[in-house]
Each structure stands twice: as structure tokens, then as C-alpha cells.
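Enquirer: Need coordinates for the following:
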Amino acid sequence: VDPGLIPELKRLVEPVTLGDPERALLWVSKSMDKLADALTALGHPISADTVAKELVKLGYSRQHNRKADEGSRHPDRNAQFEHINSQVLAAQAQGQPVISVDTKKKELVGNYRNAGSDYRPKGEPIRVKVHDFEAKELGKVVPYGVYDVTDNTGFVSLGITADTAQFAVQSIRCWLDRMGRERYPHAHELTITADCGGSNGARVRLWKVELQKLADETGLTLHVHHYPPGTSKWNKIEHRLFCHITQNWRGRPLESRLAVVELIGATTTRTGLKVDCVLDTRTYEKGLRVSDAEMASLDIIGDTFHPEWNYTIRPRKS
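Expert: Predicted coordinates for the structure are as follows:
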């Protein structure tokens, strides 16, 4: 047995791994032949078939064609994956925190059917409503997740109004207060990986304004890296946190906000994932505009490689 094979294989597939937020499946966007060639060049001679078998052992699944391409492929897509991976590894090597963030899909609260099945006494299924009409008194909840890539821990802020940039950054702030500061007491930087769109999108001005406020408050330098358009499934939070939350509440109606908090907080995995969840009852307003003057006041510097996707926000001196 070659003891160096599996660590090298993991290193090769890490930047090109994507997953399904609804299921605990992983797949890789690099061919078995290319992986076998790369491993052989590194001194680990192996066939493509053996690579495939080892990937299955690591939790990867062979996938047929599926509607996963969310748009035209950017020519620098893979280069951005490699850039993100190198920045994450550099931060981890220095003992600085790295988080993956995203919003999980909104969920109806109430006695509604939830996809999947759960073990129940025979002939005693949970009775749910026939129609999924939103209950005004309960509405929907917006789960915003923060996944600690190094520590394999998750945090979810459960919003009850809108998915906005203010909500996104408040969720990161809450993660810092509840988990991050204790885990990384000497941190002076925070690396954030996020999708290119949504409330934490690369072109969202309010996202950058709110991050600047967070940097000013905490003294942390924030390094932000966005996945290219149409590649949300590569975001670590999708297949390391969200899919396990979905599995944990499968077949169970989300009867109340408290029930959602408890179900998310009870999510665990064999690899040691632990999740904290809190309810955020603040009201977040949609459509807030940010002026050019406000943007000009930010201490933000773009990287040399795709500054629209990669940038650093430093605390402003008071």
C-alpha cells in the first residue's frame, strides 16, 4: 500500500470538488485519466480505474449528465478555483480562520410536507397539510450558513425577513461572537469564500459596505474570494453543511421556527460536524442603495488576479 497516495489524491481533487446541497454526494470535474497521470508524475503510479475506486471510498459518486451548468463557463473558472484553494491553504497554514458562506433556500414554516422519509411506527405517518400555502403568522425562514473549513463546524443564522447583504454580514458577525473568537483567539485576518451572486455577491455594494463595518468593528483584515458565476456547487458549504442539514430534517415538517433551529442544531456527521443555530428576528430592508461616495470611503484593494472576484478589506483607522 502506498501511504502517500490518498493524501496526494485528496490534494488534487480538493479544488475541483463539487457537491449537491440536498444530498451528501461529491463528484469531481477532472477525468480519472488526468488524475492518474498526475499521481504517476508525483511518484504514485496508478491506473484510472484504481483512481475511480479510491474516489468512491472517499465519498465520491459517479454522475451522469445533469443540469448543473448554470451558465456559460468563464475561461478563468478553473484558475479561480486554484486561486481560492491556494489562498485558503495559505490562511490555514498561518492559523487564520477560513469560512465558506451562503444562503440555503427559504423554507416554509408550518405543518407542511417536507421531502424525504423518516422512520415511524408502521401505519402512523405524520399528517401534514395538503396545500403549501404560506401561513402569514409563520411565513418562511431564511437560513444563512457559515462553515468553518478548518474546524468542520457550522453556524446557521435563521432570518425571518429578507435575504440581504446586511443579514449576511450580521450572520458572519454572529458566528464570530458565538464560535469564531473562541476558536481563533489570536486571529487578525478572516478569509471568506462565497458565491458570485445573491446577498453576498461580488457586485453587491452593500455587501462590501457591511464587510467594511465588520472589519472596522473587529480589527480583522477580510480576504474575500468569490466562486465564478454558475459554480455555486463548488462552494464548500454546499456539500459539507447544507446537504447534512437537509438529510437531518428529511420527512419532518418544519412546524415552528424553534423546530427549525433545533433540527439544524442537531445536525451531526460521522466526520464530526457540529452545528450551532440561532434565530435572527431583526427586520432587514430590501433595496438599500449605496452611494459612490460611500464606496469611495471603503478601504478595499483588489487582488492582481480578477479583482472583481478577489479583494481585501482592511479596518479603517479611526
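
Enquirer: tell me which element the spatially most central residue of the chain is part of?
Expert: When C-alpha atoms, centre = their mean is applied to the chain, the residue found nearest the centroid is residue 237 (2.5 Å). In this assignment (DSSP states H and E), residue 237 forms part of helix 236-237.

Enquirer: ok now that helix, how far from the chain's centre?
Expert: Distance of helix 236-237 from the chain centroid (C-alpha atoms, centre = their mean, to the nearest Å) equals 3 Å.

Enquirer: Which strands or helices does it pack on?
Expert: Contact partners of helix 236-237 among helices and strands, from 3 or more C-beta pairs under 8 Å, 6 or more residues apart in numbering; DSSP states H and E: strand 98-103, strand 140-148. The way it works is simple: take the backbone N, C-alpha and C, and place the C-beta from them, glycine included.

Enquirer: Of those strands, which is nearest residue 293?
Expert: Evaluated over those, closeness to residue 293 peaks at strand 98-103, with 27.6 Å, by C-beta to C-beta.

Enquirer: So which elements touch the closest one?
Expert: Partner elements for strand 98-103 (3+ C-beta pairs under 8 Å, 6+ apart): helix 77-93, strand 140-148, helix 165-175, strand 189-194, helix 236-237.

Enquirer: residue boundaries of the helices in the stretch 151-300 of the chain?
Expert: Counting by DSSP state H, counting those that start in this stretch, the stretch 151-300 of the chain has helices at residues 165-175, 181-183, 205-218, 236-237, 243-248, 257-265, 292-296.

Enquirer: follow-up on the earlier one: got JSON lines for the helices and strands packed on strand 98-103, with distance to residue 222 and mean pLDDT too?
Expert: Below are the helices and strands packed on strand 98-103 laid out as JSON lines (distance: least, C-beta to C-beta, whole Å; pLDDT from 0 to 100):
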{"stretch": "helix 77-93", "distance to residue 222": "11", "mean pLDDT": "93"}
{"stretch": "strand 140-148", "distance to residue 222": "13", "mean pLDDT": "94"}
{"stretch": "helix 165-175", "distance to residue 222": "9", "mean pLDDT": "98"}
{"stretch": "strand 189-194", "distance to residue 222": "5", "mean pLDDT": "98"}
{"stretch": "helix 236-237", "distance to residue 222": "17", "mean pLDDT": "88"}
